Each structure stands twice: as structure tokens, then as C-alpha cells.
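S.K.: what would the 3D arrangement of this be:
(2 chains)
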2 protein chains.
Amino acid sequence: MKKIALTVLLTASATAAISGPVEEQIRFRQSAYSFLGWNTGKIKKQVVDNPESFNKDYVAAAANAIAAVANSGLGELYGPGTDQGIGWKQTRLKPEFFQKKDEVTAAANKFNEAANGLAKVAAAGDKVAIKEAFGKVTESCKGCHDLVRIKE
Amino acid sequence: MKKIALTVLLTASATAAISGPVEEQIRFRQSAYSFLGWNTGKIKKQVVDNPESFNKDYVAAAANAIAAVANSGLGELYGPGTDQGIGWKQTRLKPEFFQKKDEVTAAANKFNEAANGLAKVAAAGDKVAIKEAFGKVTESCKGCHDLVRIKE
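M.R.: Prediction:
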């Protein structure tokens, strides 16, 4: 599963964008990250903020959603020129993205591994393990943000 | 897996919204459906429009993404008042949504089952079976749209 996901991601990066016009690519990635954010928020609520509200199935579904985003081949939404343009809103992608391919790929792979790791432990349902795996996911999010996202 | 997903979905519907302000609920669901649309588009391209371009891993990842959206408990993004408001854009939810709970639940379950069915056959990689399962997903999308989405 992890192997497949990485292959998809790297293939997509290597062949550049195949997902339509710039604005569409930006809108789709903003949608993917927003859907991702909703699901990380759900896990944060039940694992970090209010651990007494923990519901195994609910957290596992959210973790699966996070992994599915990570495995969806987001690389194809980062075609040339997508550091400028409006999807749902103006993109915050730094132009350096296109000069930092190796660092971006490393950061993306880290996210991918962390997300699949979280889905695995979430299915098992150990709250302590989930919290730790979730920490790795949020850390990997930050890694990419610091690297290629313009601060608001 | 399917049982878990349905439970999450129905529980979320029964307890109504738990995902923040109206605008946030609308934005999250627009993001979820847009991410979903990107992934259905990928399968349409490789299974319906250009079957010679079929890549098993790519289609399986897209099918997993669709299933993850279906299993993510979207019901909690349909709280009271969310037939009016702006997420990324004005919502297209018909006010009748709130008077048609049983029909909506039936339509949502149909989508859920179709999406999980697609993920299952996509993992096996039989193109004919995938096309058939994909048809059930798009049919279930249309079922909900006809029921509760305002036409553009």
C-alpha cells in the first residue's frame, strides 16, 4: 500500500501536471488540503484536546481520509505556473517550490509515510499510539508549509 | 469496514452538526465534494474516456480517496441552517434537505455502499468490474444531487 502510494506520488511529480488548467489544479489542491484539515481537526479533538471523547471508529475513518489524501497523487496538482493563480482563493504556494524539487519530494514522502502510519495505528485503536502517529503527521504538514507555503 | 462507515455516517446525521460554524461546515463539504470530483474525474479518464491509459495503482488510489470521502461522516457538515451561507462559494443545498432526512439517509447509504464497492474492485484491478462499480458511484452521486442540490 505504501509502496503504491509513493509510486503514484513520484510518478505524478515527475510527469508534472495532468489535472487541467492552473486554476483548477489550485482549486483541487485547496480542496484536498481543506478536506485534510477537517479530518486532522477531528483527530485533534478526540485524541489531543478531549481524549475522553475518543471514538475508535470515528478516528479511524478520519485517519483513512488523511491517508487517502496523502496517497491521491497530489503532485499532479502542482504543474508549472501554479505558484500564481486563484482556485477557491489566491494560492499560497511559494515560487521556490519549482526550484526545490528534491526537498519537496522528501517532505511529501514524509507526509505520505506519516499518514499511512497513522491509518495503520488508528485501525488498531490504541489511543497513545494514535497520538504519537498523529504528531508525526502534523509535524510533516509543518515541514511542507515551512518549505513552500507563504505565511498568512 | 462498510459497517463502521455507515455507523459513523448515521451517527453524525442523528446528532446533527458538530463541525463548527455554518460557513465552515459549508466550506468543508464543498472541499470534500471537490476532492471527490477530482478523483472521480481521474477514474472517468482512465476507465471510461481512455481505457488504454488505465493504470491499476492510480485508479485504486483514486477509488480509495472516493471511499474515504464517503466514509468520513459528511453528515456532521449538514447542521441546521447550512442551506444558506457561503463556504468557498454560496451553498447549493436545497432547504428541503432538512425535511427529507429518510430519503437523504437512503441516498447517502447508497453512495457509501457504491464507493466502498468501487474501492474493493479497484484494488483487484479488473477494468470491466471497475467500470461497472464506477457507474454505480456516479449514479449514487446523481441520486443525491437530484434530491437536495440546486441546479446551476
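S.K.: how about the helices in chain A?
M.R.: A:2-15, A:22-43, A:56-70, A:101-124, A:127-148 (DSSP state H).
S.K.: let's have those helices in JSON lines, adding mean pLDDT, mean neighbour count and distance to residue B:146.
M.R.: Any C-beta I mention is one placed from the backbone N, CA and C, and that applies to glycine too. Below are those laid out as JSON lines (pLDDT from 0 to 100; neighbours: other C-beta atoms under 10 Å in any protein chain shown; distance: least, C-beta to C-beta, whole Å):
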{"stretch": "helix A:2-15", "mean pLDDT": "44", "mean neighbour count": "17", "distance to residue B:146": "33"}
{"stretch": "helix A:22-43", "mean pLDDT": "97", "mean neighbour count": "22", "distance to residue B:146": "23"}
{"stretch": "helix A:56-70", "mean pLDDT": "97", "mean neighbour count": "26", "distance to residue B:146": "26"}
{"stretch": "helix A:101-124", "mean pLDDT": "97", "mean neighbour count": "19", "distance to residue B:146": "33"}
{"stretch": "helix A:127-148", "mean pLDDT": "97", "mean neighbour count": "17", "distance to residue B:146": "37"}
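S.K.: save those helices as CSV, and put in distance to residue B:102 too.
M.R.: CSV is the format used below for those (distance: least, C-beta to C-beta, whole Å):
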stretch, distance to residue B:102
helix A:2-15, 38
helix A:22-43, 26
helix A:56-70, 23
helix A:101-124, 31
helix A:127-148, 35
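S.K.: can you lay out the ones you listed as a markdown table showing distance to chain B?
M.R.: Shown next, in a markdown table, are those (distance: least, C-beta to the nearest C-beta, whole Å):
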| stretch | distance to chain B |
| --- | --- |
| helix A:2-15 | 5 |
| helix A:22-43 | 4 |
| helix A:56-70 | 3 |
| helix A:101-124 | 9 |
| helix A:127-148 | 15 |
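S.K.: out of those helices, the one nearest residue A:84 is which?
M.R.: helix A:22-43 (7.7 Å; C-beta to C-beta).
S.K.: now that closest one against helix A:56-70, angle please.
M.R.: Orientation note: helix A:22-43 sits at an angle of 160 degrees relative to helix A:56-70 (axes from the mean of the first three to the mean of the last three C-alpha atoms, to 10 degrees).
S.K.: mind giving me the packing neighbours of helix A:22-43?
M.R.: The contact analysis (3 or more C-beta pairs under 8 Å, 6 or more residues apart in numbering or on different chains; DSSP states H and E) places helix A:22-43 against helix A:56-70, helix A:127-148, helix B:22-43.
S.K.: name the helices or strands packed onto the shortest one?
M.R.: Think helix A:56-70. Helix A:56-70 packs on helix A:22-43, helix A:101-124, helix A:127-148, helix B:2-15, helix B:56-70, going by 3+ C-beta pairs under 8 Å, 6+ apart.
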